[in-house]
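S.K.: Quick one, what's the 3D model for this:
(chains A and B)
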Amino acid sequence: MTAMIDLPDAQPAGQAPAKRKKAGGSLGKYLLIRFALIFPTILILVTMVFFLMRLTGDPITAALGGRLAPDQLAIRIHDAGYDRPIFVQYFEYLGQMATGNFGRTISDNLPISGMLATYGTATLELAINSLIVALAIGIPFGMLAAYKRDKWHDAVLRVLAISFYATPVFFAGLLLKLLFSIWLGWFPVAGRASTSTEIDMASLSAPTGIYWLDALRSGNLDAFWDIAQHSVLPAVALGLLTAGIFLRLVRTNVIGTLSKDYVEAGRSRGVSEYRLLTKHAYKPALIPIITVMGLQIALLLGGAVLTETTFEWKGLGFQLAHYLTARDFVAVQGIVALLAVIVAITNFIVDVIAALIDPRVRY
Amino acid sequence: MERKKSLFSRLPVISQLKQSMGLQRGMLIAGILMTAIFLLTAALAPLITPYGPTQRFNETQEPPSSAHIWGTTAGGYDVFSRTIWGAQTAFLVIVVAVVLSIFIGVILGLLSGYIGGWLDRILVVVADAIYAFPTLLLAMVMSIAISHGRSNMWSGIFSAAISITVVFIPQYFRVIRAETIRLKAEPFVESAIVVGASSVRIMARHIYKNATRTLPLIFTLNASEAILTLAGLGFLGFGIEPSSAAEWGYDLNHAQTDAASGIWWTGVFPGAAIVLTVLGLTLLGESMNDLNDPRLRGRKRSKKKARTMNGNKQEQVVDA
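M.R.: Numbers count the residues shown, from 1 in each chain, chains lettered A, B, ... in the order given. All right, here's what the predicted structure looks like:
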């Protein structure tokens, strides 16, 4: 379970002290406040989720009610401790969470914290793939739209960007599936890889869990090709949604920087518009993207639930949808709490990166 | 309902249409047209559709024909009728969700911004925490809490709307709070305090009317987000049961397996309905937003014209 949390944690810890010497106390203080804010955020979300999920009754009745006799149900409720006062259960739950124990699912009695290791990497892989698609489309086309402002390129790109945003992932997925898998037959309909590749990946020693990385490391090019083919449609479906947002953001920011004094100064000295765009205006315009990327993580995770369901991509979101259908609300609560932790930590990391890059972000 | 109407009448669409030009005008008009078609479809659904939204037929997965112009689903529903009726469901959810979240968000924002102190700090931290969390997951948890995830038409509409409300409150809260804090320092508020007006009166009369000026913009943008959230909930099986009302997200969930066997008509039509509705609302909201922001407004205007335009804008502010 630590695979995902350790990785990002190590990064700021490694970077912060080195920078702090240069920047003095202010950056350190800023990072400390940001770090401290992780805990109330997680606490509020976990508390909300806990009480909302328990508002309508105990999870055992929800999962097994109607299938078990009332007396058996009562025994199971008592065994699991759901007949105790809700605040006792709440503090017990918090205590468990503090030790990294998110509980066990009711339907198949699996530890929820184990799911992060099993399925978290699949979600991470999907998020990385779609982020690559989003950046590859959003940044160049956003710059083009700003450069050709109010021309037809701009009009087409802006309407496209809004259309991307307006298309739910599962509808984009459906269209992509129809077009590229059913009619053209270029890509597989669903899944992360073919069954044989999945077996290959599972038999690797010390896998990272990110399939294409594992395939490259083991030099298995056939598997890599197979994985790449499976990755395209889900990454595009989820990536387009974010690409639309990035495109609009880059456009607005580049338009903003193109009218800044230092760019005007360059213009008056005869620097070409193209050079102004590529050398002067675009870098400062990209800084807000990093901040927005942090907010996009939440959108990406929400979108991942839908994308994974659409493409049967077996990650955390797919599991969440599975347990929702099974009405296993302990599992749902556990996974949502897990995602809350991930969101809070990613937001912190994004804040750190933004502060390191742009001094204006700090207090 | 009445609240919404008054907001709508305050939507300065007409004046913005006059300000706009070229591309921006095109986008604004496209947005207005698409939104109008959506509203008309929602209102006239009973007249347009040949069948009811929950009527089932023996023909399942029929391709489009004269009896079922957009075909039928695996459950034997008429795709055309369900897509059109879906507009009504979407409209009702938007209205309930946005009215509720404006109501609660505005009250909390006013209180938090005006009173300040501990209340403010706690509300801000809570709002930020909710804001950072994936919309859909939170709406899902709310939906489980309200109806255990299964519902008929009206309870489904309300549970979907309330789920969306919880997600949107922080947005209205933030905007209103920031405005309130800014307005609190304005001379007219200070003079009201000096005259001896009570806090409630200052908040309700002086700050409320000034702080809610930007709401129509957020309203249009949120309406499109509400549709997407509703569709997402429906897709995950949390929407409204198909036997009680038509809902686009639910239909798209069932269309996924159809798509794998090449049956395109069950998914393409409700999906296109979502895209066009959200596109229309977003174009409308975005263009109004751009026109309100002088930096983003079209720039091909001569200086003289720009000046008169600013004059118009000032008048408008005074009028409102």
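
S.K.: contacts and neighbour counts: CA atoms only from here.
M.R.: Will do.

S.K.: Just the element for the closest residue to chain B within chain A, please.
M.R.: Of all residues in chain A, A:Ala298 sits closest to chain B, at 4.5 Å by CA to the nearest CA. Assigned by DSSP states H and E, A:Ala298 belongs to helix A:282-311.

S.K.: for that helix, packing partners?
M.R.: Applying 3 or more CA pairs under 8 Å, 6 or more residues apart in numbering or on different chains; DSSP states H and E, one finds that helix A:282-311 makes contact with helix A:121-147, helix A:169-176, helix A:221-258, helix A:316-325, helix A:329-357, helix B:135-147.

S.K.: can you put the ones you listed in TSV and add mean pLDDT?
M.R.: Listed next are these as TSV, based on pLDDT from 0 to 100:
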stretch	mean pLDDT
helix A:121-147	85
helix A:169-176	86
helix A:221-258	82
helix A:316-325	83
helix A:329-357	81
helix B:135-147	80
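
S.K.: nearest to A:Leu157, of these?
M.R.: helix A:121-147 (6.5 Å; CA to CA).

S.K.: and the closest one, what other elements does it pack with?
M.R.: Under the contact rule (3+ CA pairs under 8 Å, 6+ apart), helix A:121-147 is packed against helix A:152-166, helix A:221-258, helix A:282-311, helix A:316-325.

S.K.: rerun at 6 Å
M.R.: helix A:221-258 (3 or more CA pairs under 6 Å, 6 or more residues apart in numbering or on different chains; DSSP states H and E).

S.K.: ok, back up a step: out of the helices and strands packed on helix A:282-311, nearest to A:Arg54?
M.R.: So among these, helix B:135-147 is nearest, using CA to CA, at 7.4 Å.

S.K.: Please pull up the helix or strand immediately following the closest one.
M.R.: Downstream of helix B:135-147, the next assigned helix or strand under DSSP H and E is helix B:153-184.

S.K.: And for the residue in chain B positioned nearest to chain A, nearest residue in space, chain neighbours not counted?
M.R.: Going by CA to the nearest CA, chain A is nearest to B:Pro134 of chain B, at 4.5 Å. Setting aside the residues directly before and after it, B:Pro134 is nearest to A:Ala298 in space (CA to CA, 6 or more residues apart in numbering or on different chains), at 4.5 Å.

S.K.: and the nearest residue to A:Arg248 once chain neighbours are set aside, how many neighbours?
M.R.: Of all residues not flanking A:Arg248 in the chain, A:Gly142 sits nearest, at 6.2 Å (CA to CA, 6+ apart). When neighbours are defined as other CA atoms under 10 Å in any protein chain shown, A:Gly142 has 29 of them.

S.K.: ok so, going back, which of the residues in the helix holding A:Ala298 are buried?
M.R.: A:282, A:285-286, A:289, A:291, A:293-311 (16 or more other CA atoms under 10 Å in any protein chain shown).

S.K.: per-residue confidence averaged over that helix?
M.R.: Mean per-residue pLDDT for helix A:282-311: 76.

S.K.: and the angle for it with helix A:316-325?
M.R.: 40 degrees (axes from the mean of the first three to the mean of the last three CA atoms, to 10 degrees).

S.K.: Please list all residues in contact with the most centrally placed residue in chain B.
M.R.: Nearest residue to the geometric centre of chain B (CA atoms, centre = their mean): B:Ala223, 0.9 Å. Neighbouring residues of B:Ala223 by CA atoms under 6 Å, 6 or more residues apart in numbering or on different chains: B:Ile94.

S.K.: where does it land on pLDDT?
M.R.: 83.

S.K.: Against A:Ala74, how distant is it?
M.R.: Look at B:Ala223 and A:Ala74: by CA to CA, to the nearest Å, they are 44 Å apart.

S.K.: Over to A:Ile162?
M.R.: 52 Å.

S.K.: Between the two, which is the more surrounded one?
M.R.: A:Ile162 (23 against 16).

S.K.: Look up how far B:Phe238 lies from the closest residue to A:Thr41 other than its chain neighbours.
M.R.: For A:Thr41, ignoring the flanking residues on the chain, the nearest one in space by CA to CA, 6+ apart is B:Ala129 at 5.0 Å. According to CA to CA, B:Ala129 and B:Phe238 sit 23 Å apart.

S.K.: Same check on A:Val156?
M.R.: Distance from A:Val156 to B:Phe238, by CA to CA: 35 Å.

S.K.: now the stretch 51-200 of chain B, which segments are flagged as low pLDDT?
M.R.: Applying pLDDT under 70 to the stretch 51-200 of chain B flags residues B:61, B:148-153.

S.K.: other SSEs contacting the helix or strand that contains B:Leu283?
M.R.: For B:Leu283, the host element (DSSP H and E) is helix B:265-292. Applying 3+ CA pairs under 6 Å, 6+ apart, we find helix B:265-292 packed against helix A:152-166, helix B:22-48, helix B:215-235, helix B:248-260.

S.K.: Off-centre distance for that helix?
M.R.: 11 Å (CA atoms, centre = their mean, to the nearest Å).

S.K.: Same check on stretch A:335-355?
M.R.: With CA atoms, centre = their mean, you get 10 Å for stretch A:335-355.

S.K.: Mind checking if it is in reach of chain B?
M.R.: No - with CA under 6 Å from any CA of the partner chain as the criterion, chain B is not reached by stretch A:335-355; the gap is at least 6.8 Å.

S.K.: about what we covered before: can I get the helices and strands packed on helix A:282-311 in JSON lines with distance to B:Ala67?
M.R.: Below are the helices and strands packed on helix A:282-311 laid out as JSON lines (distance: least, CA to CA, whole Å):
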{"stretch": "helix A:121-147", "distance to B:Ala67": "42"}
{"stretch": "helix A:169-176", "distance to B:Ala67": "25"}
{"stretch": "helix A:221-258", "distance to B:Ala67": "34"}
{"stretch": "helix A:316-325", "distance to B:Ala67": "34"}
{"stretch": "helix A:329-357", "distance to B:Ala67": "43"}
{"stretch": "helix B:135-147", "distance to B:Ala67": "36"}
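
S.K.: how about these, which one is nearest B:Gly105?
M.R.: Among those, the nearest to B:Gly105 by CA to CA is helix B:135-147 (16.2 Å).

S.K.: Packing partners of that closest one?
M.R.: helix B:153-184.

S.K.: thinking again about what came up before, nearest to B:Glu62, out of the helices and strands packed on helix A:282-311?
M.R.: Once the helices and strands packed on helix A:282-311 are compared by CA to CA, helix A:169-176 is nearest, at 18.8 Å.
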